[in-house]
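Q: What follows is a protein structure lacking sequence information:
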(Lines give C-alpha, C1' and ligand atoms only; values in the text may rest on other atoms or scores of the structure.)
Protein backbone atom coordinates (compact mmCIF):
# COMPACT_ATOMS: atom_id res chain seq x y z
CA UNK A 1 0.00 0.00 0.00
CA UNK A 2 1.28 3.43 -0.97
CA UNK A 3 0.68 5.42 2.21
CA UNK A 4 1.37 8.73 0.46
CA UNK A 5 -1.54 8.19 -1.95
CA UNK A 6 -3.91 7.19 0.83
CA UNK A 7 -2.80 10.09 3.01
CA UNK A 8 -3.24 12.53 0.14
CA UNK A 9 -6.78 11.35 -0.56
CA UNK A 10 -7.76 11.49 3.13
CA UNK A 11 -6.23 14.95 3.50
CA UNK A 12 -8.20 16.31 0.56
CA UNK A 13 -11.50 14.82 1.75
CA UNK A 14 -11.05 15.86 5.38
CA UNK A 15 -10.00 19.39 4.39
CA UNK A 16 -13.24 19.90 2.49
CA UNK A 17 -15.37 18.41 5.27
CA UNK A 18 -13.65 20.45 8.00
CA UNK A 19 -13.90 23.66 5.98
CA UNK A 20 -17.62 23.15 5.42
CA UNK A 21 -18.27 22.38 9.10
CA UNK A 22 -16.30 25.46 10.13
CA UNK A 23 -18.72 27.48 8.03
CA UNK A 24 -21.50 26.22 10.29
CA UNK A 25 -22.76 23.37 8.11
CA UNK A 26 -23.84 20.11 9.67
CA UNK A 27 -22.43 16.93 8.13
CA UNK A 28 -25.94 15.54 7.73
CA UNK A 29 -26.83 18.56 5.60
CA UNK A 30 -24.01 17.70 3.20
CA UNK A 31 -25.41 14.28 2.38
CA UNK A 32 -27.72 13.94 -0.60
CA UNK A 33 -28.16 10.32 -1.68
CA UNK A 34 -29.99 11.05 -4.99
CA UNK A 35 -27.24 13.47 -5.98
CA UNK A 36 -24.59 10.87 -5.14
CA UNK A 37 -26.37 8.32 -7.33
CA UNK A 38 -26.51 10.76 -10.22
CA UNK A 39 -22.82 11.65 -9.93
CA UNK A 40 -21.42 8.15 -9.42
CA UNK A 41 -23.89 6.32 -11.65
CA UNK A 42 -23.78 8.94 -14.38
CA UNK A 43 -20.00 9.23 -14.35
CA UNK A 44 -19.38 5.49 -14.37
CA UNK A 45 -22.09 4.88 -16.97
CA UNK A 46 -20.82 7.56 -19.34
CA UNK A 47 -17.25 6.33 -18.95
CA UNK A 48 -18.26 2.72 -19.68
CA UNK A 49 -20.22 3.90 -22.71
CA UNK A 50 -17.20 5.87 -23.97
CA UNK A 51 -14.72 2.98 -23.98
CA UNK A 52 -14.51 -0.66 -25.07
CA UNK A 53 -15.52 -3.09 -22.33
CA UNK A 54 -12.15 -4.84 -22.59
CA UNK A 55 -10.49 -1.60 -21.49
CA UNK A 56 -13.06 -0.61 -18.86
CA UNK A 57 -12.94 -4.07 -17.30
CA UNK A 58 -9.39 -3.35 -16.16
CA UNK A 59 -10.50 -0.33 -14.09
CA UNK A 60 -10.86 -2.13 -10.72
CA UNK A 61 -7.35 -3.56 -10.97
CA UNK A 62 -5.97 -0.19 -12.02
CA UNK A 63 -7.74 1.47 -9.10
CA UNK A 64 -5.94 -0.87 -6.71
CA UNK A 65 -2.68 -0.31 -8.58
CA UNK A 66 -2.94 3.44 -7.99
CA UNK A 67 -2.73 2.83 -4.24
CA UNK A 68 0.14 0.36 -4.48
CA UNK A 69 3.77 1.35 -4.09
CA UNK A 70 6.36 0.55 -6.74
CA UNK A 71 7.40 -3.07 -6.10
CA UNK A 72 11.01 -2.50 -7.10
CA UNK A 73 13.24 0.57 -7.19
CA UNK A 74 15.86 1.39 -9.80
CA UNK A 75 18.75 0.76 -7.41
CA UNK A 76 17.50 -2.75 -6.64
CA UNK A 77 17.06 -3.53 -10.34
CA UNK A 78 20.56 -2.29 -11.11
CA UNK A 79 21.98 -4.61 -8.46
CA UNK A 80 20.21 -7.56 -10.07
CA UNK A 81 21.50 -6.66 -13.53
CA UNK A 82 25.07 -6.18 -12.28
CA UNK A 83 24.90 -9.53 -10.49
CA UNK A 84 23.72 -11.18 -13.70
CA UNK A 85 26.54 -9.47 -15.60
CA UNK A 86 29.11 -10.76 -13.11
CA UNK A 87 27.74 -14.30 -13.44
CA UNK A 88 27.79 -14.11 -17.25
CA UNK A 89 31.33 -12.73 -17.25
CA UNK A 90 32.56 -15.40 -14.85
CA UNK A 91 30.64 -18.46 -16.06
CA UNK A 92 29.28 -17.51 -19.48
CA UNK A 93 25.80 -16.57 -20.73
CA UNK A 94 24.52 -20.15 -20.44
CA UNK A 95 24.93 -19.89 -16.66
CA UNK A 96 22.08 -17.36 -16.64
CA UNK A 97 19.54 -19.91 -17.88
CA UNK A 98 18.77 -21.25 -14.41
CA UNK A 99 18.68 -17.73 -12.96
CA UNK A 100 16.15 -16.56 -15.57
CA UNK A 101 13.43 -18.82 -14.19
CA UNK A 102 13.56 -17.06 -10.80
CA UNK A 103 13.29 -13.51 -12.14
CA UNK A 104 10.00 -11.77 -11.30
CA UNK A 105 10.06 -9.19 -14.10
CA UNK A 106 8.69 -10.65 -17.34
CA UNK A 107 10.73 -8.32 -19.54
CA UNK A 108 13.95 -9.17 -17.71
CA UNK A 109 13.21 -12.89 -17.80
CA UNK A 110 12.43 -12.74 -21.51
CA UNK A 111 15.55 -10.71 -22.30
CA UNK A 112 17.83 -13.06 -20.39
CA UNK A 113 16.23 -15.96 -22.25
CA UNK A 114 17.05 -14.30 -25.57
CA UNK A 115 20.62 -13.70 -24.42
CA UNK A 116 21.06 -17.34 -23.41
CA UNK A 117 19.64 -18.47 -26.78
CA UNK A 118 22.30 -16.44 -28.58
CA UNK A 119 19.89 -14.11 -30.37
CA UNK A 120 21.51 -11.13 -32.11
CA UNK A 121 21.67 -8.02 -29.86
CA UNK A 122 19.90 -5.87 -32.46
CA UNK A 123 17.06 -8.37 -32.61
CA UNK A 124 16.86 -8.47 -28.81
CA UNK A 125 16.69 -4.69 -28.74
CA UNK A 126 13.92 -4.59 -31.36
CA UNK A 127 11.76 -7.18 -29.59
CA UNK A 128 12.17 -5.67 -26.12
CA UNK A 129 11.50 -2.15 -27.39
CA UNK A 130 8.24 -3.39 -28.92
CA UNK A 131 7.28 -4.99 -25.61
CA UNK A 132 8.11 -1.78 -23.73
CA UNK A 133 6.02 0.25 -26.18
CA UNK A 134 3.02 -2.08 -25.81
CA UNK A 135 3.31 -2.03 -22.02
CA UNK A 136 3.35 1.76 -22.03
CA UNK A 137 0.30 1.87 -24.28
CA UNK A 138 -1.61 -0.33 -21.85
CA UNK A 139 -0.67 1.87 -18.90
CA UNK A 140 -1.68 5.04 -20.75
CA UNK A 141 -5.02 3.51 -21.69
CA UNK A 142 -5.56 2.75 -18.01
CA UNK A 143 -4.92 6.36 -17.04
CA UNK A 144 -7.28 7.51 -19.80
CA UNK A 145 -10.18 5.68 -18.13
CA UNK A 146 -9.96 7.86 -15.04
CA UNK A 147 -9.24 11.02 -17.04
CA UNK A 148 -12.48 10.49 -18.93
CA UNK A 149 -14.35 9.90 -15.67
CA UNK A 150 -12.83 13.11 -14.29
CA UNK A 151 -14.16 14.98 -17.30
CA UNK A 152 -17.70 13.65 -16.95
CA UNK A 153 -18.06 14.06 -13.17
CA UNK A 154 -18.43 17.90 -13.06
CA UNK A 155 -20.96 17.77 -15.90
CA UNK A 156 -22.93 15.13 -14.06
CA UNK A 157 -22.84 17.46 -11.05
CA UNK A 158 -24.45 20.21 -13.09
CA UNK A 159 -27.07 17.77 -14.38
CA UNK A 160 -27.82 16.74 -10.81
CA UNK A 161 -28.16 20.36 -9.73
CA UNK A 162 -30.51 21.17 -12.63
CA UNK A 163 -32.66 18.16 -11.77
CA UNK A 164 -32.75 19.28 -8.15
CA UNK A 165 -33.69 22.85 -9.08
CA UNK A 166 -36.44 21.66 -11.41
CA UNK A 167 -37.88 19.56 -8.61
CA UNK A 168 -37.64 22.44 -6.10
CA UNK A 169 -39.14 25.11 -8.34
CA UNK A 170 -41.95 22.87 -9.52
CA UNK A 171 -43.03 22.15 -5.96
CA UNK A 172 -42.95 25.56 -4.32
CA UNK A 173 -45.45 25.43 -1.47
CA UNK A 174 -43.46 27.06 1.31
CA UNK A 175 -41.20 29.87 0.08
CA UNK A 176 -39.44 30.00 3.45
CA UNK A 177 -37.83 26.65 2.65
CA UNK A 178 -36.87 27.63 -0.88
CA UNK A 179 -33.33 28.80 -0.08
CA UNK A 180 -32.49 25.61 1.80
CA UNK A 181 -33.88 23.42 -0.98
CA UNK A 182 -31.80 25.26 -3.58
CA UNK A 183 -28.70 24.85 -1.43
CA UNK A 184 -29.30 21.10 -1.26
CA UNK A 185 -29.68 20.98 -5.04
CA UNK A 186 -26.24 22.54 -5.46
CA UNK A 187 -24.69 19.67 -3.50
CA UNK A 188 -24.68 17.73 -6.77
CA UNK A 189 -22.32 20.30 -8.30
CA UNK A 190 -20.09 20.01 -5.24
CA UNK A 191 -20.03 16.22 -5.52
CA UNK A 192 -19.20 16.36 -9.21
CA UNK A 193 -16.34 18.83 -8.91
CA UNK A 194 -14.98 17.22 -5.75
CA UNK A 195 -14.93 13.65 -7.08
CA UNK A 196 -13.28 14.80 -10.30
CA UNK A 197 -10.51 16.73 -8.60
CA UNK A 198 -9.76 14.61 -5.54
CA UNK A 199 -10.44 11.14 -6.95
CA UNK A 200 -10.72 10.53 -10.71
CA UNK A 201 -8.09 12.96 -12.01
CA UNK A 202 -5.53 12.29 -9.23
CA UNK A 203 -5.80 8.55 -9.94
CA UNK A 204 -5.16 9.23 -13.63
CA UNK A 205 -2.10 11.32 -12.72
CA UNK A 206 -0.86 8.59 -10.38
CA UNK A 207 -1.15 5.96 -13.10
CA UNK A 208 0.73 8.22 -15.51
CA UNK A 209 3.48 8.66 -12.93
CA UNK A 210 3.66 4.90 -12.46
CA UNK A 211 3.88 4.49 -16.23
CA UNK A 212 6.88 6.83 -16.31
CA UNK A 213 8.54 4.87 -13.50
CA UNK A 214 7.84 1.62 -15.35
CA UNK A 215 9.32 3.05 -18.55
CA UNK A 216 12.54 3.87 -16.69
CA UNK A 217 12.72 0.38 -15.19
CA UNK A 218 12.08 -1.22 -18.57
CA UNK A 219 14.82 0.81 -20.24
CA UNK A 220 17.22 -0.15 -17.45
CA UNK A 221 16.42 -3.78 -18.21
CA UNK A 222 16.91 -3.24 -21.93
CA UNK A 223 20.25 -1.47 -21.58
CA UNK A 224 21.42 -3.94 -18.93
CA UNK A 225 20.65 -6.99 -21.05
CA UNK A 226 22.34 -5.50 -24.13
CA UNK A 227 25.41 -4.69 -22.03
CA UNK A 228 25.50 -8.26 -20.67
CA UNK A 229 25.25 -9.71 -24.18
CA UNK A 230 28.08 -7.43 -25.32
CA UNK A 231 30.23 -8.68 -22.44
CA UNK A 232 30.80 -5.30 -20.84
CA UNK A 233 32.56 -4.98 -17.52
CA UNK A 234 30.02 -5.16 -14.64
CA UNK A 235 31.45 -1.99 -13.10
CA UNK A 236 30.92 -0.15 -16.36
CA UNK A 237 27.39 -1.55 -16.60
CA UNK A 238 26.62 -0.29 -13.10
CA UNK A 239 27.91 3.17 -13.92
CA UNK A 240 25.96 3.40 -17.18
CA UNK A 241 22.73 2.22 -15.55
CA UNK A 242 23.14 4.57 -12.61
CA UNK A 243 23.56 7.48 -14.99
CA UNK A 244 20.49 6.36 -16.94
CA UNK A 245 18.49 6.17 -13.71
CA UNK A 246 19.84 9.47 -12.45
CA UNK A 247 21.08 7.83 -9.25
CA UNK A 248 24.68 8.93 -9.61
CA UNK A 249 23.70 12.55 -10.17
CA UNK A 250 21.40 12.45 -7.15
CA UNK A 251 24.08 10.94 -4.90
CA UNK A 252 26.63 13.55 -5.99
CA UNK A 253 24.13 16.32 -5.29
CA UNK A 254 23.56 14.98 -1.79
CA UNK A 255 27.29 14.99 -1.12
CA UNK A 256 27.70 18.66 -2.00
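A: Here it is on my side, so go on. Small disclaimer: the values here were computed from a predicted structure and weren't measured. Residues are numbered from 1 along each chain as shown.
Q: Now find how far off-centre the helix of greatest length in the chain is within its chain.
A: Using DSSP state H to define each element, the chain has its longest helix at helix 121-169. Distance of helix 121-169 from the chain centroid (Cα atoms, centre = their mean, to the nearest Å) equals 11 Å.
Q: cool, and stretch 236-243?
A: Averaging C-alpha positions (Cα atoms, centre = their mean) puts stretch 236-243 28 Å from its chain's average.
Q: What are the buried residues along that stretch?
A: Buried residues in stretch 236-243, counted by 16 or more other Cβ atoms under 10 Å: 237, 238, 240, 241, 242. C-beta here means a position set from N, CA and C on the backbone, and glycine is covered the same way.
Q: Where helices are concerned, which of these count?
A: Secondary structure from DSSP H places 237, 238, 240, 241, 242 of these in helices.
Q: out of those residues, which one sits closest to residue 210?
A: Using Cβ to Cβ, residue 241 comes nearest to residue 210 of those, at 20.4 Å.
Q: ok, the nearest residue to residue 226 once chain neighbours are set aside - contacts?
A: Closest residue in space to residue 226, ignoring its immediate chain neighbours: residue 121 at 5.6 Å, by Cβ to Cβ, 6 or more residues apart in numbering. Contact partners of residue 121, counting by Cβ atoms under 8 Å, 6 or more residues apart in numbering, are 226, 229, 230.
Q: Out of these, the closest to residue 108 would be?
A: Nearest to residue 108, judged by Cβ to Cβ, of the contacts of residue 121 is residue 226 at 12.4 Å.
Q: could you measure the closest one against residue 148, distance?
A: 38 Å (Cβ to Cβ, to the nearest Å).
Q: what's the answer for residue 113, then?
A: In terms of Cβ to Cβ, residue 113 sits 38 Å off from residue 148.
Q: again, but for residue 190
A: Distance from residue 190 to residue 148, counting by Cβ to Cβ: 21 Å.
Q: Sketch out the low-pLDDT regions of the stretch 51-200 of the chain for me.
A: Applying pLDDT under 70 to the stretch 51-200 of the chain picks out residues 70-72, 172-180.
Q: Can you show me the helices along the protein?
A: Read by DSSP H, the chain holds these helices, from start to end of the chain: 3-22, 33-50, 53-56, 59-66, 74-91, 97-100, 106-116, 121-169, 178-185, 187-195, 201-229, 234-245, 247-255.
Q: now the second one against helix 187-195, angle please.
A: Taking axes from the mean of the first three to the mean of the last three Cα atoms, to 10 degrees, helix 33-50 and helix 187-195 form an angle of 50 degrees between their directions.
Q: wouldn't residue 158 be in contact with residue 191 here?
A: No - contact criterion Cβ atoms under 8 Å: residue 158 and residue 191 do not qualify, at 10.9 Å.
Q: contacting residues around the residue sitting nearest the centre point of the chain?
A: For the chain, residue 207 is the residue whose C-alpha lies nearest the centre (Cα atoms, centre = their mean; 1.5 Å). Neighbouring residues of residue 207 by Cβ under 8 Å, 6+ apart: 62, 65, 66, 139, 142, 143, 146.
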